[in-house]
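Q: Coordinates only, no sequence provided:
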């Protein structure tokens, strides 16, 4: 009677079978199916009118910033590939994002670097000033200020954690020709188009998705795409003229 | 022995089982029963407060701030439809006058203070209303934007010990800072007429409306108050939605804020 209740036997009778069932369940086809992903590859094309570059005559701090600044509204490749568009998949949420190192936003020769950046929710943003002049960095969401701070010449970073997804604009009230954009996501399914207008979004579950396409001059559009189970097709998406 | 031991063993098991049930019952009961300070009571208080606040809002605030709280009431037009400042749009959850860092929401006390003291030249003060009525208005205006529900913490900044005496040394240091921090780009060296960026048409508020920096020689017109601590707060937190940035992390030394305040107040004092 006593022998039948030894800890080893209890373990064999109780935990071992449960453990085996658990391990087998990990290898089951249900899990394998959930892990199946594919890579979305595409190209954003634009064949509309291209606005002329904006020329700014610099009145403040021209010795550091230069005398003029040209802002290019739309840049396309030879075959119409739209550069610097932000592509993201809507309706995705990866739960609680992992801790990430800060996104460094530099004021350098009166330009923001990066002037088009991507951040994740809960990621800290660190603003730095590498110039020998005072800068202001005014970052706004659609409705509210995220931060509006002044940075002394060559000053250490001012940090603030980003809490919400969405697009943000970066400006300097002192140097109105400075511009920048940060897009904040709560998932990893996003990309910025390269010099050919191409983008790649890996590890995406197959199926129908709504893509959001943003461009600083052309605005935001949505397109529905279907990602097959295996292999891939190169999607060509035309960005309409505003 | 087997005859005797079996019932004894049985009674022990039963006893243990009863104890176990009793213990579980106590644990479940402890968590299941509502405590005397149940969450439902403050909720009831809050909705009553919002309801009273709504009635007061519809009498005192609606003409400028609008029925929907979007800052576009019928009288808002007469404040200057095409120039800043416009009445606050509560729907957007952005506030100029706060004790909290740049980009954060104001505390309830900040909202109460603005309602109590008004904004010189723009918003009447409502100190004649009972304090409980003003708190009800605070509760109501927070309902216009979901952001107050989404934000759990609103922590005021801490000003360094001060103010400091406005002696010559302090004012001189304030003057140095005024130049170092480029205050004169918006507020002009004489602090009276706007210059620089405003004249170039580059000072705009969140609605892209031209916004005039204050005349620093007239502290009574300062919208966020003219006591040293009010001016210090405006400089430290910035005024969200306007070009006025936060200098909290810019000042070389914490006490510099009081030197800068002394310099700003020196414009309105006989030299």
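A: Received the coordinates, thanks. Bear in mind the structure is a predicted one, so any value in this text is a computation, not a measurement.
Q: residues in chain A within reach of chain B, list them.
A: Taking CB under 8 Å from any CB of the partner chain as the criterion, chain A approaches chain B at residues A:59-60, A:134, A:136, A:138-140, A:143-152, A:155, A:158, A:160, A:173-174, A:176. Bear in mind the C-beta positions are built from the backbone N, C-alpha and C, glycine included.
Q: Cross the residues you listed against strands and list the overlap.
A: Among those, the ones falling in strands (DSSP state E) are A:136, A:138-140, A:145-151, A:155, A:158, A:160.
Q: Kindly provide the distance from residue A:233 to residue A:200.
A: Distance, residue A:233 to residue A:200, using CB to CB, to the nearest Å: 13 Å.
Q: who touches both of those two?
A: Between them, residue A:233 and residue A:200 share these contacting residues under CB atoms under 8 Å, 6 or more residues apart in numbering or on different chains: residue A:41.
Q: Domains of the chain: list them as residue ranges, please.
A: You didn't say which chain, so I picked chain A. Following automatic domain parsing, one finds the domains of chain A at A:3-32, A:38-92+A:189-242, A:96-187.
Q: Oops, wrong one, chain B.
A: What automatic domain parsing lists as the domains of chain B is B:42-150, B:168-266.
Q: which one of these is the most hemmed in?
A: Of all the domains of chain B, domain B:168-266 carries the top mean neighbour count, a mean of 19, counting by mean count of other CB atoms under 10 Å in any protein chain shown.
Q: The residue nearest the centre of chain B: what secondary structure?
A: Of all residues in chain B, the one closest to the mean position by CA atoms, centre = their mean is residue B:106, 1.6 Å from it. State at residue B:106, reduced to three classes by DSSP: H, G, I helix; E, B strand; the rest coil: coil.
Q: Not counting its neighbours along the chain, what's nearest it?
A: residue B:98 (3.9 Å; CB to CB, 6 or more residues apart in numbering or on different chains).
Q: Does that neighbour touch residue B:109 like I think?
A: No: with contact defined as CB atoms under 8 Å, residue B:98 does not reach residue B:109; the gap is 10.2 Å.
Q: now, the most widely separated pair of the ones in strands among the residues of chain A next to chain B?
A: A:140 and A:155 (21.4 Å; CB to CB).
Q: in chain B, what spans have low per-residue confidence?
A: Low-confidence regions of chain B, defined by pLDDT under 70, span residues B:1-43, B:189-196, B:271.
Q: To clarify, my last question referred to chain A.
A: In chain A, residues with pLDDT under 70: A:1-35, A:95-97.
Q: Residue A:129 contacts residue A:107, doesn't it?
A: Yes: using CB under 8 Å, residue A:129 is in contact with residue A:107, at 4.6 Å.
Q: measure stretch B:108-124 end to end?
A: Between the opening and closing residues of stretch B:108-124 there is a gap of 19 Å (CA to CA, to the nearest Å).
Q: what distance separates it from the centre of its chain?
A: Distance, stretch centre to chain centre, for stretch B:108-124: 11 Å (CA atoms, centre = their mean, to the nearest Å).
Q: quick revisit: out of the domains of chain B, nearest to residue A:241?
A: domain B:168-266 (23.9 Å).
Q: got the end-to-end distance for the closest one?
A: Separation of the first and last residues of domain B:168-266 by CA to CA is 10 Å.
Q: Give me the distance between it and the centre of its chain.
A: Going by CA atoms, centre = their mean, the spacing between the C-alpha centre of domain B:168-266 and its chain's C-alpha centre is 19 Å.
Q: okay if I get the domains of chain B as CSV plus distance to residue A:115?
A: Formatted as CSV, the domains of chain B follow (distance: least, CB to CB, whole Å):
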stretch, distance to residue A:115
domain B:42-150, 20
domain B:168-266, 19
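Q: residues contacting residue 101?
A: You didn't say which chain, so I picked chain A. Counting by CB under 8 Å, 6+ apart, residue A:101 makes contact with residue A:123.
Q: I was thinking of chain B, sorry if that wasn't clear
A: By CB under 8 Å, 6+ apart, the contact set of residue B:101 is B:157, B:237, B:246, B:248.
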